[in-house]
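Q: return atomic coordinates for the entry below.
(one chain, ligands or ions: 1)
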Amino acid sequence: MKKTLMSGFVLILSLALLVFGALTALAFNSRLISDTKQELLSCAALTAKEFDPKLDADEQASAFSAAIGDIRITIVSSDGTVLGDSQADHRTMENHLDRSEIIQASASGQGTSVRNSETIGKKLVYSAVETPDGYFIRATKEVAGVFGHLISVVPAMVLSMLFSLLLAAYLINRFSVGFINPIIEMNDSLIGVKDGGKLLNPKDYRYGELEDMAVKINVISSHLSKYISNIQQEKEKLNYILDNVGEGFLLLDEKLNILLINNSACVYLNCRKSAVGEHILLAVRDFNFIQCAERAIKEKTRLLLDLELSGKIVESVFRYVEEESGFSASLIITMSDVTENRNSVKMRREFFSNASHELKTPITSIKGSAELLCSDLPISEKQRKELLTRIGVESERMNMLINDIIMISRMESGDLAGDIDNIDISEAINESLIEIAPMAEQDNLTVNVEIKPVFISANKKDIRELVSNLLVNAVKYNRQGGCVDISLKEQNGEAILKVRNDGEPIPLSQQRRVFERFYRVDSGRSKTIGGTGLGLSIVKHVVDSLNGAVSLESSIESGTAFTVRLPVSADN
Ligand code: ADP
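A: Below you'll find the predicted structure:
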């Protein structure tokens, strides 16, 4: 700005100097000519007084000219004939009656004119007076004018112009600092508004107008920087929220350019956060996703799409939005991981299907036995007893199944048993030992028990269920004359319950599946043994609800062992 101002000033000054010089020269020139005219009139008048018509005119002209100096004298008769001339041969000169100065002199006694002489080809000033005898005395002088002298003064003029310009530049520089510096400071302050804005010192400014401006800029700057920082904070808050929600979020414009994308969407779609501004084709690899986005915009509608992304089911909702003033987004896409939801729906469906299937067997058996008993067919007492026993066994199996189903569905819905107490697991084991004693005796099993009281915070009924399922299984799946080893101890803040039994081991490939609902290792063999396939599933649920762990080891050599680890209660 300072440079522009300086060059502007210098240009204006140069032009002013030139115009001033030209006007002065013109005025000076006109003054010079007018003075020359007067001087020549005086000379002509003086000569007219001395002129004697009886003497030789040409000689007199030369004599007068010599006496006056460098002025040419011409003597013209009343009819315009040139009688004498101090510089030219008067006989060769044409009639002068038509000359402007002679015409004026014949009319008013004197006349002047300025023109280029045809005789000598220079600019000349002519002044003529009429003598009382009717002769015209004309004095002539060459005028170079101011412009004629100009060449000689050019160096001086250039020097003085340069000096004036330098002086002007220096003065302009000093003068401009007073208002250019404040303007530069104001500019810097406005540029820096977004970073808090540097406050100006209006008192330092030389001009009142600039001082006022600085005060106003300070007020505007502080308002603006507060406003900008608020907007930035809001933006950061929004980005923080968007980046930390589990859901993926994408904003696209009409041409499918990405306007906004959050972290979760980047993870789901395996794309960069810097994809903002790019076309979706460049950032996203999933063809179905892109196609759905295109369709939602084209049909201006809402679409749903399930994607399988790295083992997860991600539900994407494509919602078309009408363009609002100033906001060009056209498509809002939200993405959520619905794996758990979908799996639980699937599991529930399977659960009901399995439960009805499992209930069907005892009901069919009871129904068949009851129909036989009620029929008119002849039945022996032994057969009648067998049918009644089967009804009893199947009813018991149904009862067990229904109890287990109730228990497992209660646990799966998160509705765990109400009261949490500080309970001793060894007590639950002792109660279960009574329950299994008849079965163990029947199969001639040796039961080794090595337990110490260990307290945990849990629901008593849940723990009883857990222990009972493990102990009953250890007996049920044992061999005749086998062993059952039960141990309970506390170690590193954990209650460790281990139940081992002999008998056919669980194949390695099926060991993980035995905790699934209704899963039975060998359904043929298990059926003869009896069971619902829900026992270990209940054990797993109870353990998970108490933040514990259950593991299984099973082999021909060491038999089958279940180890349950549960955190001991804080009261211990
Ligand atoms: P079930 O009502 O059939 O006993 P569980 O869920 O308790 O159902 O057990 C699932 C399957 O795991 C059983 O069918 C059985 O084959 C196997 N199993 C469970 N416990 C043992 C064990 N202690 N020894 C050998 N196999 C076992």
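
Q: residues of the helix or strand where N230 lies that come out buried?
A: For N230, the element it lies in under DSSP states H and E is helix 208-244. By neighbour count on 16 or more other C-beta atoms under 10 Å, the buried set for helix 208-244 is L210, E211, M213, A214, I217, N218, S221, S225, L242. For every residue, glycine as well, the C-beta is placed using N, CA and C.

Q: same question for stretch 242-260.
A: Of all the residues in stretch 242-260, those buried under the rule 16+ other C-beta under 10 Å are L242, E247, G248, F249, L250, L251, L252, D253, L256, N257, I258, L259.

Q: right, and the last one touches D253 too?
A: Okay, so that is L259. Yes: with contact defined as C-beta atoms under 8 Å, L259 reaches D253; the gap is 5.7 Å.

Q: circling back to that earlier point, of the buried residues of stretch 242-260, closest to K360?
A: Among the buried residues of stretch 242-260, E247 lies closest to K360 (C-beta to C-beta), at 42.4 Å.

Q: any idea which residue sits dead centre in this protein?
A: Of all residues in the chain, the one closest to the mean position by C-alpha atoms, centre = their mean is V276, 7.8 Å from it.

Q: skipping adjacent residues, who's closest to that residue in space?
A: Take V276 and drop its neighbours on the chain: the residue closest to it by C-beta to C-beta, 6 or more residues apart in numbering is I258, 5.4 Å away.

Q: can you pull the contacts of the one you found?
A: Residues in contact with I258 (C-beta atoms under 8 Å, 6 or more residues apart in numbering) are L250, L251, L252, A275, V276, G277, E278, H279, I280, A283.

Q: count of residues packed around the fourth one?
A: Other residues near A275 number 19, with proximity taken as other C-beta atoms under 10 Å.

Q: got a list of what it touches?
A: Residues counted as contacts of A275 (C-beta under 8 Å, 6+ apart) are I258, I261, C266, L282, A283.

Q: which of those residues are buried?
A: By neighbour count, with 16+ other C-beta under 10 Å, the contacts of A275 hold I258, I261, C266, A283 as buried.

Q: I'd guessed the third one sits against V276; true?
A: Pointing back at C266 there. No: the pair C266 and V276 does not pass the contact test of C-beta under 8 Å, sitting 10.4 Å apart.

Q: rewinding a little: tell me if I am right that the residue nearest to V276 is in a strand.
A: Yes: counting by DSSP: H, G, I helix; E, B strand; the rest coil, I258 is found in a strand.

Q: relative to F352, how far out is it?
A: 44 Å (C-beta to C-beta, to the nearest Å).

Q: now the element after the one helix or strand in the chain whose mean pLDDT sits lowest, going C-ward?
A: Least confident helix or strand, the chain: helix 523-529 with a mean of 59, by mean pLDDT, DSSP states H and E. Downstream of helix 523-529, the next assigned helix or strand under DSSP H and E is helix 535-545.

Q: quick one: buried residues of that following helix?
A: Buried residues in helix 535-545, counting neighbours by 16+ other C-beta under 10 Å, are found at G535, L536, S537, I538, V539, K540, H541, V542, V543.

Q: helices or strands next to the helix holding N230 in the packing?
A: Using 3 or more C-beta pairs under 8 Å, 6 or more residues apart in numbering; DSSP states H and E, the elements in contact with helix 208-244 are helix 145-191, helix 263-269.

Q: need the residues of the protein near the ligand, please.
A: 469, 473-474, 477, 501, 503, 506, 514, 519-521, 526, 531-537, 560 (C-beta under 6 Å from any ligand atom).

Q: chain center to whatever helix or strand L282 lives in: distance?
A: Following DSSP H and E, one finds L282 within helix 280-283. Remark: helix 280-283 is offset 18 Å from the chain centroid, using C-alpha atoms, centre = their mean, to the nearest Å.

Q: I486 versus the nearest residue to A144 once chain neighbours are set aside, what's the distance?
A: The shortest distance from A144 to any non-neighbouring residue, by C-beta to C-beta, 6+ apart, is to K123 (7.7 Å). The gap separating K123 from I486 is 143 Å, by C-beta to C-beta.

Q: quick one: which of these two has more around it?
A: Using other C-beta under 10 Å, the more surrounded residue of K123 and I486 is I486, with 23 against 14.

Q: what sits against the more buried one?
A: 429, 433, 447-451, 471, 474, 497-500.

Q: could you flag which of these are buried?
A: Counted by 16+ other C-beta under 10 Å, the contacts of I486 give I429, L433, V447, I451, L471, A474, L497, K498, V499, R500 as buried.

Q: confirm the last one sits in a strand?
A: Yes: according to three-state DSSP, the state of R500 is that of a strand.

Q: and for N501, the neighbour number?
A: For N501, the neighbour count with other C-beta under 10 Å is 26.

Q: pLDDT score for the nearest residue to it once chain neighbours are set aside?
A: Nearest in space to N501, with sequence neighbours left out and distances taken as C-beta to C-beta, 6+ apart, is A474 at 3.8 Å. For A474, the model assigns a pLDDT of 97.

Q: list of residues touching the helix or strand that contains A474?
A: Taking DSSP H and E as the definition, one finds A474 inside helix 460-476. Helix 460-476 is contacted by residues 407, 416-417, 419, 421, 423, 425, 428-429, 431-433, 435-436, 439-440, 443, 445, 456, 484, 486, 497, 499-501, 529-531, 535-536, 538-539, 542-543, 545, 560, 562, 564 when judged by C-beta under 8 Å, 6+ apart.

Q: the residue of the stretch 251-400 of the chain found nearest the ligand: what's it in contact with?
A: As assessed by C-beta to the nearest ligand atom, the ligand sits closest to M400 within the stretch 251-400 of the chain, at 8.2 Å. Going by C-beta under 8 Å, 6+ apart, M400 touches T532.

Q: at 10 Å what do you get?
A: Residues near M400 by C-beta atoms under 10 Å, 6 or more residues apart in numbering: P362, G530, G531, T532, L534, G535.

Q: now render the residues you listed as a markdown table, adding pLDDT.
A: Output for the contacts of M400, formatted as a markdown table (pLDDT from 0 to 100):
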| residue | pLDDT |
| --- | --- |
| P362 | 85 |
| G530 | 66 |
| G531 | 70 |
| T532 | 74 |
| L534 | 87 |
| G535 | 91 |
